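>>> Fold the stuff below for me.
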Amino acid sequence: MINNTLSIGIQGIQDGMMGMEGAARKIARGGDDGPKGSAEGAGGLIEPIMDLKLYERSVEASAQVVKTADETLGTLLDIRA
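Now for the predicted structure:
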């Protein structure tokens, strides 16, 4: 069960990192909406910036899952020893 939890946490980190990479690309391109430098183009940056923050929080949460599973496994090993 700990193995499964670790796998889920690691997969969440990987998915979040991929999402962050995609959002960062959109930000670097100046957003998807409207030409660069226009009011529409600036408005197009809002969504990728929000996505970047969302993925950041997702990675943080997944990292906490991995940390908790690691601590639990350590505690179980200490009890068995």
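>>> C-alpha from now on. contacts and neighbour counts both.
Will do.
>>> Which helix runs longest in this structure?
Longest helix in the chain, counting residues (DSSP state H): helix 46-80.
>>> how about that one: buried residues?
In terms of neighbour count (16 or more other C-alpha atoms under 10 Å), helix 46-80 has its buried residues at 48-49, 51-52, 54-56, 58-59, 61-63, 65-66, 68-70.
>>> At the geometric centre of this protein, which residue sits there?
Gly16 (2.6 Å; C-alpha atoms, centre = their mean).
>>> Please identify the helix or strand for that one.
helix 2-29 (DSSP states H and E).
>>> now Gly31
Applying DSSP H and E, one finds Gly31 in no helix or strand.
>>> does it really touch Asp51, like I thought?
No. Using C-alpha atoms under 8 Å, Gly31 is not in contact with Asp51; the gap is 11.8 Å.
>>> how close does Lys60 get to Met18?
In this structure residue 60 is Glu, not Lys. The spacing between Glu60 and Met18, counted by C-alpha to C-alpha, to the nearest Å, is 14 Å.
>>> Just the pLDDT at the residue nearest to the centre of the chain, thanks.
Looking at Gly16, its pLDDT is 98.
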